[in-house]
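Trainee: Turn this into a model:
(chains A and B)
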Amino acid sequence: MNSSIDLTGIGKPALLEVSDLEARYGHARVLTSITFSVAPGEAVVLLGRNGAGKSTALKAIMGLEVELQGRILLDGRQVGGLATHHIARAGAGYVPEDRRIFAGLSVAENLAVGRQPARDGHAWSEAEIWTLFPPLQAIADRRAGHLSGGEQQMLAIARTLMGNPRLLLLDEPSEGLAPVILARIAEAVATLKARGIGLVVSEQNLGFVRTFADRVLILETGTVRFAGTLAELDADPSLVTRFLSV
Amino acid sequence: MLASLLIQTLNGLASASLLFLVALGLSLIFGVTRIVNFAHGSFYMLGAYIAISANAWLGGGALGFWGGAVVAALAVAAIGLAMELTILRRIYRAPELLQLVATFGVVLIVKDAVLAAWGPEDILGPRAPGLTGSLTILGKQLPTYDAFLLVIGPAMLGGVWWLLNRTAWGLRVRAATEDREMAAALGIDQALLFSSVLALGAFLAGLAGALALPREPASLGMDLSIIADVFVVTVVGGLGSIPGAYLAAVLISVVKAWCIGLGTTTIAGVTISFSKLTLVAEFVVMAAVLLARPHGLLGSEPAVQRGAATTFAPLPIPSRSFWAKGASALALLLLLPLIVDRYNLVLLTDIAAFALVAASLAILMGWGGMASFGHAAYFGAGAYGAALASLAGLPFAAALLVGLAVAALLAALIGRLALEASGISLAMLTLAFAQILWAVAFQWDEVTGGSNGLVGIWPPTLLAEKWAYYLLAISFAAAVMAAIWHLAHTPIGYALRATRDHARRAEASGLDIKGIRLAAFVLSGSVAGLAGALLVFSKGSLSPDALAIPRSVDALVMVLLGGVETLAGPVVGAFVFTLLSDWLTRATPYWQAVLGMTIVVLTLVFPRGITGTIGGWLAERRRQ
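Mentor: Residues are numbered from 1 along each chain as shown, chains lettered A, B, ... in the order given. Got it, this is the predicted structure:
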């Protein structure tokens, strides 16, 4: 139950290090002493019910909407308190809960908006995006507002990838999507991990994250109630009843 | 007939080009920053004045005219950029009305800066070398310069379309227009984007001002007269739609040009002077488009922008001690004539009337969440109604009632049309209606006395003394204010605030949204009209200024200064603002600039109004 244990494993330098993170909306404290880290190629999943603080944690890392205290190191550099676009350029990519694709722009234009200079000698090309999400290629010229939910989710992830992030923050990617799409997205997440991208995924759907989660954090009322591996979580079924089931 | 209609159409298209250039900049800026830039008209005016000086500086001729226009546009772009960096950047997260008021502060500063630099007289600008002649079309003359302007509009439309759709910068602008926070999360520097859009928008307005010179002299009234037209064009075209803005500019300019072209015509034995009906024509076009297409010609349902402050604190229920404080304040106010001189009694009467205006506006803004940029319409209509009734021989009390009734009817009419739109479009429409009314009062000499206004409107002898009239005004104000405060916590007050907080949910709960909003318009208009009627008998005279944009903005400033989230806010705002502007007008000839700077500073320091911000500070202190 110790929320400050090192989750990165020994010897691996952390890509993201969050320590004693506190976040507020006005006078309401929504996160209390959140501590965790993510290594390159690792997927950390934040589980918890609605209102547990999962989305807020991702927004806080991205410098959106909240006032925060504590340390957020991205590649060893303090990014907490920076403007959102600086955090993005420092290597964080954010895919919001409701996707927020630019509805009036075409699929290709959405991708172009996300484009940033190459990082570590690599820049995502459209061709690579089509390989990751084949259905997008055929609809490259379609207005994004006319896409289905699954297509929008793929586009939202793809658009963020165009910024060549080293860390990807996915907020409830499974929400409202059909199983076949979920499988595709889980597969894409696995590919991204293999390419060394670190992920923080906020989720309520434990089944969806099983294929890629390396570590799990359970949040309740803004604090970490459990931190460990999937196996550790499965070993104690009471955790799921206490913190996750509705 | 056909030929002159064609010439008038071309003439209208030429006017449309200039109007479109200004509207284009306003639309771009609004799209990305969500700020309705009142100072956009000032950019236009600055463009004209700077072009005159630049023309002289470049030695006139072709270089002077064209070079001067470019210099002016660039200079105005730099001024727009400076405004973004020093003011707008600090208030992007403030409520939108506060942003609007801050940009109006800039309007006042620019006006006095222009007055100081170029003087109060209109200045005739240079004519365009090489384009001074005229073309003959079907035997009629069209000024060559008009033909040039005619091309400029579509050319700029094409140019900006290319910028937005074919460049990386344009792509970012379009993305940020949809969701600026998401754009930032993708690594796009909003600040840079905002600055560049402000500069481009200001450049276009400055260019339009410079290019307008061969058709109209540079004058100190250019800023507000164009901004009203531009608001109409933007809303009629559909907020955010650039082709829509061009279409609307063409539609309105051409209809106006036709009215002028038709002149005085006899139809079926009735003589109609169409050239005097240009204002009515504008109104009719606007009303027709909005009734048929509430979001404008090419507009669509406005997207909800994230990250903007839109939540309202609950309105406090007036406590026993609140009423007790109010009663003691009233008792003190009633005793004031014993110690205060005539000048200050008149000033206090002004404050009583303006407190009513501010309170009436707060009903719309604070409770209803509907911004009115044209509140002077009701105030002025009440004043004109009462003045005309009094001059026609009606007794004082009846004249007050006539004023109130005229304002209420007007509010019902404006509300009926403006409520087809919502949000910022609604606010822009109210300004347009008020401006049309102002122009009518200004031009209808036979009834309103035109620019000379009306004189000799005095109360009965019983109230002739300043102290007596003051007592009457303050009693009226107190009674109406108490009724408004009471109303806040009756079902009507709750219903109105429900429509503000969530219109759809309110509707699902069985509330008649439009009916409630319209009722709020009528109530608000009636109170403002009563204030106007009261004030006109204190002054004894009336001019179209009572209907002008600055009067509307004064009311906005009072409410925002005082704070919309408190009951006493508007009264405090009216008190502070009226005293401040009275003191400033006596202290310096450049009072407008000082007032403008004060407004800007106040919006930066008190983003929630004086009472709201200080209340927040006090609450913070108690917590600690």
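
Trainee: residues in the stretch 51-200 of chain B within reach of chain A, list them.
Mentor: The stretch 51-200 of chain B comes close to chain A at residues B:168, B:171-172, B:174-175, B:178-179, B:181-191, as judged by Cβ under 8 Å from any Cβ of the partner chain. In this view, the C-beta of every residue, glycine as well, is placed from N, C-alpha and C.

Trainee: Tell me the spacing between the one residue in the stretch 101-250 of chain B that gets nearest to chain A and A:T84.
Mentor: Residue nearest to chain A within the stretch 101-250 of chain B: B:G187 (3.7 Å; Cβ to the nearest Cβ). Distance, B:G187 to A:T84, by Cβ to Cβ, to the nearest Å: 9 Å.

Trainee: Please apply the same query to B:L437.
Mentor: For B:L437 relative to A:T84 (Cβ to Cβ), the value is 45 Å.

Trainee: and if you look at B:H489?
Mentor: 41 Å.

Trainee: Could you do B:V32 as well?
Mentor: Taking Cβ to Cβ as the measure, B:V32 falls 16 Å from A:T84.

Trainee: pretty sure A:D214 contacts A:E42?
Mentor: Yes: the pair A:D214 and A:E42 passes the contact test of Cβ atoms under 8 Å, sitting 4.9 Å apart.

Trainee: So which of these two has more stuff around it?
Mentor: A:E42 (24 against 19; other Cβ atoms under 10 Å in any protein chain shown).

Trainee: and that one, what are its phi and psi?
Mentor: A:E42 adopts backbone torsions of phi -110, psi 140, taken as degrees, to the nearest 10.

Trainee: Excluding residues flanking it in the chain, which one is nearest A:L177?
Mentor: A:G150 (5.4 Å; Cβ to Cβ, 6 or more residues apart in numbering or on different chains).

Trainee: Just the element for that neighbour, please.
Mentor: Here A:G150, judged by DSSP states H and E, is contained in helix A:149-161.

Trainee: Partner strands of the helix or strand following that helix and their direction?
Mentor: In the C-terminal direction, the helix or strand that comes right after helix A:149-161 (DSSP H and E) is strand A:167-171. Paired with strand A:167-171 in the same sheet, following DSSP bridges, are strand A:92-95 (parallel), strand A:198-203 (parallel).

Trainee: and among these, the most buried is which?
Mentor: Mean neighbour count, computed with mean count of other Cβ atoms under 10 Å in any protein chain shown, is highest for strand A:92-95 among these, reaching a mean of 28.

Trainee: Where does the stretch 1-150 of chain B get nearest to chain A, residue-wise?
Mentor: Scanning the stretch 1-150 of chain B for proximity to chain A using Cβ to the nearest Cβ identifies B:R93 as nearest, at 10.4 Å.

Trainee: State the distance from that residue to B:Q99.
Mentor: Per Cβ to Cβ, B:R93 is found 10 Å from B:Q99.

Trainee: Who has more neighbours out of the two?
Mentor: Ranked by neighbour count (other Cβ under 10 Å), B:R93 and B:Q99 place B:Q99 first, with 24 against 10.

Trainee: quick one: what helix or strand has the more buried one in it?
Mentor: Short version: B:Q99 belongs to helix B:96-118, going by DSSP H and E.

Trainee: So for that helix, what gets flagged as buried?
Mentor: Buried residues in helix B:96-118, counted by 16 or more other Cβ atoms under 10 Å in any protein chain shown: B:96-114, B:118.

Trainee: that older thread, doesn't the residue of the stretch 1-150 of chain B closest to chain A fall inside a strand?
Mentor: No: read with DSSP: H, G, I helix; E, B strand; the rest coil, B:R93 is coil and lies in no strand.

Trainee: can you pull the pLDDT of it?
Mentor: You'll see B:R93 listed with a pLDDT of 74.

Trainee: can you check the one 5 residues further on too?
Mentor: At B:L98, the pLDDT value in this model is 79.

Trainee: With A:S19 instead?
Mentor: For A:S19, pLDDT reads 92.

Trainee: Tell me how many other residues crowd it.
Mentor: Applying other Cβ under 10 Å, we find 15 residues neighbouring A:S19.

Trainee: can I assume it sits in a strand?
Mentor: Yes: A:S19 forms part of a strand when assessed by three-state DSSP.

Trainee: how near is it to A:L217?
Mentor: Counting by Cβ to Cβ, the gap from A:S19 to A:L217 is 13 Å.

Trainee: same deal with A:R225?
Mentor: Taken as Cβ to Cβ, the span from A:R225 to A:L217 is 8 Å.

Trainee: picking up where we left off before, can you tell me which helices and strands the helix holding A:G150 packs against?
Mentor: Packing partners of helix A:149-161 (3 or more Cβ pairs under 8 Å, 6 or more residues apart in numbering or on different chains; DSSP states H and E): strand A:92-95, helix A:107-114, helix A:126-132, helix A:134-138, strand A:167-171, helix A:179-194.

Trainee: ok and it relative to helix A:107-114, angle-wise?
Mentor: On the basis of axes from the mean of the first three to the mean of the last three Cα atoms, to 10 degrees, helix A:149-161 is oriented at 30 degrees to helix A:107-114.

Trainee: For B:S451, give me its contacts.
Mentor: B:F442, B:S543, B:P544 (Cβ atoms under 8 Å, 6 or more residues apart in numbering or on different chains).

Trainee: go on, B:P460?
Mentor: Contact analysis of B:P460 by Cβ under 8 Å, 6+ apart lists B:P395, B:F396.

Trainee: how close does it sit to chain A?
Mentor: Distance of B:P460 to chain A, given as Cβ to the nearest Cβ, to the nearest Å: 55 Å.

Trainee: can I assume the residue of the stretch 101-250 of chain B closest to chain A sits in a helix?
Mentor: No: counting by three-state DSSP, B:G187 falls outside a helix, being coil.

Trainee: tally of neighbours for it?
Mentor: Neighbours of B:G187 using other Cβ under 10 Å come to 26.

Trainee: Looking at B:H489 and A:T84, which one has more neighbours?
Mentor: A:T84 (24 against 14).

Trainee: Tell me which residues touch that one, please.
Mentor: Applying Cβ under 8 Å, 6+ apart, the residues contacting A:T84 are A:M62, A:G63, A:L64, B:E181, B:A184, B:A185.
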